[in-house]
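# coordinates only, sequence not included:
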């Protein structure tokens, strides 16, 4: 779902719909309706205008028909079309603003040629005596709006036709949808929202109508309502076995992030559930880290998830940032917390050129990790022995488990995490998270999912990332 831009609701499509009504005999001109009214019997009558309205209608219609044939109006319309095409094809903010200015100037010049017609079209709305009059006034208002590229008048005409009750029931939703489009074009988001809701109520479900409703709500300064609308769209798609649109999920991530919604990380994770791209994975991890206010341990588990998902295999700026986050979490505040993991991830980052070996932080971290590596490895047997002792505390067990996990000794680490869960005072959420990680690394996905399901509190989002990995929502190699 993209942000609605001006010139995105093609008036010609609705003009065709209006023409089809006339061709089908659903709508007549006031003169035609008057003639039908004189006939005896026959089919149901067309909308019947008041006799006082017909001369005013005829006058305005004549003016518009004549204006459409005037050479200067034709030339001005062509200029509008030319500047519109230029705007659409222009790239770059400054160039687009200049092109938009030229388009606006062309529209203003066209309007300047039609001031008399505009006045008469406005006046016609004041001369209506019944609902049929409202319909026909709206029809000519819409016609003037199309001639002058006046989106406010186009919307006014559509709304008048809808309000008259003379639009066929099967077309009411479509009319409201187009009315919303014109409201978007003039940034009247409240009117756009009202028309979109009316379109949905009338059973219109095409053209991303709910996505545009969310856009109107967000543009009106109500991002929470916009996100609720998108959530309903996503849940409805999933319930019917469909995959939600990538643009819908992208918009939810953007709206939630920009509005500082507490659901931003959840939306970023939901996006990679359906579209597990590298950019999506990195964004989900970084939003989760940013909004969670985590310490080094939780940040490390996020980085590990991105690595396991295959999201750290390029040298893009976001990946460079993630390698630094990973390194900082594995190094810790004093010395090097996990020297084996620091060496592994530093060399991986250097290989992808996301890290530079000459960078002082990378160079110093590698040097310290290599200095400590032999002693750290030598301590593994003792850490495991102490962790398995009957009197070992939860802290002792977890130190052993975490160290073994950093060296990819995942089966032993998983056993120790299971032992830790039976100890008093253990952090069950954190322990189940790392138990699940150790199980994923062994390929025991069902068991891992069960462990992640037990993670609550602030770490729940991290567990959701790892659950997606267990479900195979990773980035294909190569």
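Good, I have the coordinates. From a predicted model like this one, the values you see are computed outputs, not experimental measurements.
# use CA for all of it now, contacts and neighbours both
Fine.
# Report the secondary structure state of residue 335.
Counting by DSSP: H, G, I helix; E, B strand; the rest coil, the backbone at residue 335 sits in coil.
# quick one, phi/psi of it?
Here the main-chain torsion angles of residue 335 (degrees, to the nearest 10) amount to phi 70, psi -140.
# Show the contacting residues for it.
residue 368 (Cα atoms under 8 Å, 6 or more residues apart in numbering).
# Now do it against residue 369, distance only.
8 Å (Cα to Cα, to the nearest Å).
# Number of residues surrounding residue 92?
7 (other Cα atoms under 10 Å).
# i'd like the first residue to be 23 from this point on
In the new numbering, first residue 23, that becomes residue 114.
# And it, how far from residue 122?
According to Cα to Cα, residue 114 and residue 122 sit 12 Å apart.
# quick one: which helix or strand includes residue 248?
In the assignment (DSSP states H and E), residue 248 maps to helix 245-261.
# got the contact list for that helix?
By Cα under 8 Å, 6+ apart, helix 245-261 touches 232-233, 235-240, 265-266, 270-271, 274, 277-278, 281, 283.
# ok, now stretch 214-225?
194-199, 201-206, 227, 231-232, 234-235, 238-239.
# ChimeraX command for the buried members of those?
Buried members of those, defined by 16 or more other Cα atoms under 10 Å, are picked up in ChimeraX with:
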select :194,195,196,197,198,199,201,202,203,204,205,206,231,232,234,235,238,239
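# From the contacts of stretch 214-225, which land in helices?
Using DSSP state H, the subset of the contacts of stretch 214-225 located in helices is 194-199, 201-206, 231-232, 234-235, 238-239.
# so where's the stretch 173-322 of the chain shaky on pLDDT?
229 (pLDDT under 70).
# 90 instead, please
227-230, 315 (pLDDT under 90).
# Following element in sequence after the helix holding residue 248, please.
Following helix 245-261 in sequence, per DSSP H and E, is helix 268-280.
# so how far is the next helix or strand after that next one from its chain's centroid?
Downstream of helix 268-280, the first helix or strand assigned by DSSP H and E is helix 286-296. Between the centre of helix 286-296 and the centre of its host chain there is 11 Å, according to Cα atoms, centre = their mean, to the nearest Å.
# before we move on, what about stretch 339-358?
The answer for stretch 339-358 is 30 Å, by Cα atoms, centre = their mean.
# List the buried residues for that stretch?
341-342, 344-353, 358.
# Can you report how many residues neighbour the closest residue in space to residue 236 that isn't next to it in sequence?
Leaving out its chain neighbours, the residue that sits closest to residue 236 by Cα to Cα, 6 or more residues apart in numbering is residue 248, at 4.1 Å. Using other Cα under 10 Å, residue 248 has 26 other residues around it.
# what do you get for residue 475?
16.
# State the phi and psi torsions of it.
Dihedral angles for residue 475 - degrees, to the nearest 10 - are phi -60, psi -20.
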